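Sequence first, predicted coordinates after that:
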Amino acid sequence: MIKDRFGRPIKSLRISVTRRCNLNCIYCHKEGTLPTNYEMSKEEIYRICKVAKEFDINKVKITGGEPLIRKDIVEIISALNSLNFKDISMTTNGVYLKNYAYKLKKAGLDRINVSLDSLKNHIYKSITGKDFLDKVKEGISKAIEAGLHPVKINMLILKDINENEVWDLFEFCKEHGAILQIIELVKIDDNSDYFEKYYKSLDSIEEEIRKKAEKVMERKFMHGRKKYFIDGSEIEIVRPMDNSVFCANCTRLRITPDAKIKPCLLRNDNLVDLKPALKCKSNYMLKKLFIEAIHRRSPYFGKYKYVV
Ligand code: SAM
């Protein structure tokens, strides 16, 4: 298994297949990607994943923008499935999921994350700009029925907006057999005024959860994230901000919609462009660029912040 200069193994690929989205969330970091009109073709995504597989990268997550906006999304999953990844997952806002859940499962998708920050119509609308809460709930039910397992609900905590809904969302997840994933707001660039407005530390929420939990687990290769077990259900906490443990346990490479390897969510000064190599017939250059991108990885939070 390939490791970076800091001894971190590279185990997963997070691919943003489009920057387009059908929602307009007030906090969205768009996976830290820069504006672009380029969108990788299904064939390009397949080739990049094939090379990743040769480096023993066995997990792939499809994200966006909104991945279900792509007309060829089921074919993309089928193509990845033919590469025998151990785990293929997706994160979606769930708006189109009702119609896609069975097709995605059949194509080889193993599991799914659905972003849902509120169960109140007016709050959902104030966050996303759209009135789609019922569609998302239907999508979640369909995903569970289709056997995408587990279904995780991504709840981003926003100060004074949804911070009091944690236990309602937990009950919703418990009823549906889903896992709640609570996410800390991330600041992507210095001009992001959403961060000043909505950032809420997860300390008090995590403390409440910890008190109720029967068991706690740490996910070593998933940024050292904590998982809490309560009443036969689970809550996972994702706290990337100023978290050197999170970075020390990062095992992920990202791919942008315009075919660049992005070694870190929080940086755009060390991207590796795969487009020229995708024009070559052989995968030799692609492999070299993967190695270069892995070499460029350095923990953002922690001692090595400024190492290129
Ligand atoms: N449209 C898809 C979705 O809604 O899941 C995929 C893209 S979205 C960028 C992926 C995840 O990133 C979502 O769960 C969302 O909550 C999270 N996210 C977006 N902006 C964020 C931010 N500023 N801080 C932390 N997480 C964020």
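Ah, there it is.

Going by C-alpha atoms from here, please, whenever you check contacts or count neighbours.
Noted.

Only the buried residues of stretch 162-176, if you could.
By neighbour count on 16 or more other C-alpha atoms under 10 Å, the buried set for stretch 162-176 is 162, 163, 165, 166, 169, 170, 172, 173, 174.

excluding its backbone neighbours, what's nearest the second one?
This points to residue 163. Excluding the flanking residues, the one nearest residue 163 by C-alpha to C-alpha, 6 or more residues apart in numbering is residue 157, at 5.6 Å.

residues touching that neighbour, list them.
When contacts are counted by C-alpha atoms under 8 Å, 6 or more residues apart in numbering, residue 157 touches 117, 163, 182, 183, 184, 185, 199, 200, 202.

so what's the first one closest to, chain neighbours aside?
What it means is residue 117. Nearest residue to residue 117, sequence neighbours excluded (C-alpha to C-alpha, 6+ apart): residue 155, at 4.5 Å.

Doesn't that neighbour belong to a strand?
Yes - per DSSP: H, G, I helix; E, B strand; the rest coil, residue 155 lies within a strand segment.

Quick check: the gap between it and residue 168.
11 Å (C-alpha to C-alpha, to the nearest Å).

Kindly report the same for residue 183.
Distance from residue 183 to residue 168, by C-alpha to C-alpha: 16 Å.

Also residue 51?
43 Å.

Over to residue 134?
16 Å.

go on, residue 205?
From residue 205 to residue 168 the distance is 13 Å (C-alpha to C-alpha).

got it, and residue 220?
Residue 220 is 28 Å from residue 168, by C-alpha to C-alpha.

same question, residue 249
Applying C-alpha to C-alpha to residue 249 and residue 168 gives a distance of 31 Å.

Any stretches of the stretch 201-308 of the chain with poor pLDDT?
221-222, 303-308 (pLDDT under 70).

Can you tell me which residue of it sits closest to the ligand?
Nearest to the ligand, among the residues of the stretch 201-308 of the chain, is residue 240, at 8.4 Å (C-alpha to the nearest ligand atom).

pretty sure that residue contacts residue 246?
Yes - under the criterion of C-alpha atoms under 8 Å, residue 240 makes contact with residue 246 at 5.8 Å.

Please say which of those two ends up with more neighbours.
Between residue 240 and residue 246, counting by other C-alpha atoms under 10 Å, residue 246 is the more crowded of the two (23 against 19).

which SSE is that one in?
For residue 246, the host element (DSSP states H and E) is helix 244-248.

Past that helix, which element shows up next along the chain?
Past helix 244-248, the next helix or strand by DSSP H and E is strand 252-255.
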